[in-house]
Structures are given as C-alpha cells and as structure tokens.
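Student: my questions are about this predicted structure, shown below with the sequence.
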Amino acid sequence: EERRSDSIDVLLDSAKASNDGHSLTIFIDATAGDPVAAAAIANAFANTYIDHQTEVQKAATETVRTWLGQKVEGLREQLATSENARAEFLQRAGIIQVDGSTLQAHRVAALDQQLVSLESDLIAARARLGAAQAIAAHPGDATFEEALSSPTIQACRIEEARLQRAIADITSAGATKSGDLPLLHSQLATIDAQLQTETQRVVDSLANEVAVKERSEETLSKELADAQAALAKTNLALVQAGELDRVVSANREIYDTYLTRYKQTVEQEGITPPEAQLITQAEPPSYKISPSLAFALLIGVGGGIAGRARRAG
C-alpha cells in the first residue's frame, strides 16, 4: 500500500496540465525516464479526463431524466386530480352540456317556444269562443255557419231555411188553413231547439278548450319560471366551472411541457457526444530533450465549456 501511494505521488508529479489562455485547449505534459512511458502517462491522463467528462455528462443526464420522470408523474396526478374535481363539480351542479350549451338552457328555450305557441293558440281559441257566444245570443246571424264551422249547425240551418220557404209558399198561396202548417211549424220549432242545443254544445266545447289551454299556459309558465331559476343557478355554477377549466388547462399545459422535455431527454440519453474530445495522441519523441527535463507531450482536449475545461485542468 505504501509503494502504491508512492507510485501515485510519482505519477501525479510527472504530469502537468495547462492552458494557453486563448482557447479551450488543455495541454498535458508528462515526464518519465522512458519516452514510451511518458507518452503512455500523457495519453492515460487525457483518456481518463475524457472518460470522466463522459461519465459526468451521463450522470447529469440520468439525474435530469430521473427528476423529470418524477416531476411528470407528479404533474400527471395533479392533472388527473384537477380533472376529477371539475367533473365532480359539474355532476354536483347538474351541469350537462349539449352542443356547446347546457341542458338547462336548452330546456328554457324549448319551454319558451312551447309557451309562445300555446299563447297563440289560446288567443285563437278565445276569439272562436267569443264569436260563438255572440252568435248564440243572436241565432239568426247569417254568419253563424261560417263562424262556428259546425256541420250539424249548417245542416240545421239548411233544414230551417227549407221549412221557412215551405211555410212562406203555403202562406203566400192563401192556404192559411192548410193542415201542413202546424206540422211545418212544429218541425221548425224542433230545428230551432236543435240549433240552440248544438250552438250551446259548441260554445261549451270552445269554453272547455279555452279552459284547458289556460291551465296548460299556467302550468307551462310555472315550468318556465322554474327552468329559468335553474338556469340562473347553472350560469353561476358555470363561472366556478370556468375557474376549474382554467386550472385544468394550466395543469395540462405544464404537464405537456415537462412530458415533452422528458421524452427528449430519454431520446438523447446515450447519443449525446462528449463535451471534450482528444485532438492529438501523445507519441514518444525520437530524442531526449535533456537528461534533467521531462519528456513533454502535447495533447489537445477540446472542452465543452471554458470553465469546465479550466476546472478539469
């Protein structure tokens, strides 16, 4: 062990590294009694330095890769957590999006459209009811059939006109004592009764239709009000959901950035050239410089950076 320690001291004393101050080149001088040994010592120091630089670079790359791998894993978990938080919030808030809009907004739009249509139908039904009620108060109105559009009433009106013509024909002929007149008057009274009954039935039917539409309008208006209140809550929840969306987007962007860098590091690992290269191998000189001077060997090692080359020197 003592001899080994002495040999190391001799070896270290025999070599010297320097720089000309104008480049990144490192010069290694080795001194030995044997020129071949001097060249071997210089080459050994140069190769060891390059190997050391390669190992340092490899270790640094591996450290970065390991750190990036752990960072990517942590960011992946963070992204998943933020996405789950957003999904759970949307579920709790009852937010369902369809074609870029919420289900609540679609429901409000649909109910509003139904209400507008129902109100239009209700206006028309009320108008028909008003016309029927007016005509029922004046059965002799000539526009009766057109206003009510009832086939039964139209038939009654036709029969009524026929009976009235028959009575008029008998009367104009001066046969006031005719036995047909009582029968015709009886039939006419029956037709009038049927006409009034059918008119009232139509009025009652129209009134019922109006009442049904009014109840539907009331129910639909309440549903619309409830849907609008739900939409207001949903819109407030969407503001909070927007904040969660921005958190998710930020986390995803950071995750993608680190993931890309991690993949690049993995791809570059093992193929990155060393930062130092051997320029000239040491060769034994053909003559001695002097008995007392070391055999000098010039080896150029191109450093990756000036600071590192000087520290290595």
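Tutor: Done, it's in.

Student: for Thr190, what are its contacts?
Tutor: By C-beta atoms under 8 Å, 6 or more residues apart in numbering, no residues touch Thr190. For the C-beta atoms, the positions are set from N, CA and C on the backbone; glycine is no exception.

Student: so it is in which element?
Tutor: helix 180-268 (DSSP states H and E).

Student: what does Phe27 give?
Tutor: strand 25-30.

Student: partners of that strand, with directions?
Tutor: Strand pairing for strand 25-30, determined by DSSP bridges: strand 15-18 (antiparallel), strand 301-302 (antiparallel).

Student: worst average pLDDT in those strands?
Tutor: Among those, strand 301-302 carries the lowest mean pLDDT, at a mean of 40.

Student: could I get the strand holding Phe27 in PDB with only the CA atoms?
Tutor: Coordinates of each C-alpha in strand 25-30 appear next as PDB, following Å, rounded to 0.1, in the frame of the first residue of the first chain:
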ATOM      1  CA  THR A  25      -7.400  23.500 -25.400                       C
ATOM      2  CA  ILE A  26      -5.800  21.700 -22.500                       C
ATOM      3  CA  PHE A  27      -2.100  20.700 -22.800                       C
ATOM      4  CA  ILE A  28      -0.900  17.700 -20.800                       C
ATOM      5  CA  ASP A  29       2.900  17.300 -20.200                       C
ATOM      6  CA  ALA A  30       4.300  14.100 -18.800                       C
END
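
Student: which SSE is immediately downstream of the helix holding Thr190?
Tutor: Criterion used, DSSP H and E; the element after helix 180-268 is strand 277-278.

Student: average pLDDT for that next one?
Tutor: 78.

Student: elements contacting it?
Tutor: helix 35-93, strand 301-302 (3 or more C-beta pairs under 8 Å, 6 or more residues apart in numbering; DSSP states H and E).

Student: dump those to a markdown table, plus mean neighbour count.
Tutor: Output for the helices and strands packed on strand 277-278, formatted as a markdown table (neighbours: other C-beta atoms under 10 Å):
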| stretch | mean neighbour count |
| --- | --- |
| helix 35-93 | 15 |
| strand 301-302 | 20 |
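
Student: which one of those has the poorest average confidence?
Tutor: strand 301-302 (a mean of 40).

Student: what's Ser221 in contact with, if anything?
Tutor: Leu115.

Student: mean confidence score for the strand holding Phe27?
Tutor: 84.

Student: what about the stretch 51-200 of the chain, any weak spots by pLDDT?
Tutor: 138-149, 176 (pLDDT under 70).

Student: okay, and Gln113 sits in which element?
Tutor: Using DSSP H and E, Gln113 falls in helix 103-137.

Student: what angle sits between that helix and helix 180-268?
Tutor: 170 degrees (axes from the mean of the first three to the mean of the last three C-alpha atoms, to 10 degrees).

Student: buried set for helix 103-137?
Tutor: For helix 103-137, burial by neighbour count (16 or more other C-beta atoms under 10 Å) applies to 104-108, 111, 115, 118, 122, 125-126, 128-129, 131-132, 135-136.

Student: next one: stretch 244-259
Tutor: Per 16+ other C-beta under 10 Å, stretch 244-259 contains these buried residues: Leu244, Val247, Val248, Asn251, Tyr255, Tyr258.

Student: the fourth one: what's it in contact with?
Tutor: The neighbours of Asn251, taking C-beta under 8 Å, 6+ apart as the test, are Leu75, Gln78, Leu79, Ser82.

Student: now do 6 Å
Tutor: Gln78, Leu79, Ser82 (C-beta atoms under 6 Å, 6 or more residues apart in numbering).

Student: what does the fifth one give?
Tutor: Contact criterion C-beta under 6 Å, 6+ apart gives Leu75, Leu79 as the residues in contact with Tyr255.

Student: cutoff 8 Å now
Tutor: Val72, Leu75, Arg76, Gln78, Leu79.

Student: okay, the residues you listed in TSV with distance to Ala189 next?
Tutor: Formatted as TSV, the contacts of Tyr255 follow (distance: C-beta to C-beta, whole Å):
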residue	distance to Ala189
Val72	99
Leu75	96
Arg76	94
Gln78	93
Leu79	90
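
Student: the nearest residue to Leu163 once chain neighbours are set aside and Asp180, how far apart?
Tutor: In space, Leu163 comes closest to Leu188 once its chain neighbours are excluded; the distance is 4.4 Å by C-beta to C-beta, 6 or more residues apart in numbering. Noted for Leu188: a distance of 12 Å to Asp180, by C-beta to C-beta, to the nearest Å.

Student: neighbour-wise, which of the two wins?
Tutor: Leu188 (17 against 12; other C-beta atoms under 10 Å).
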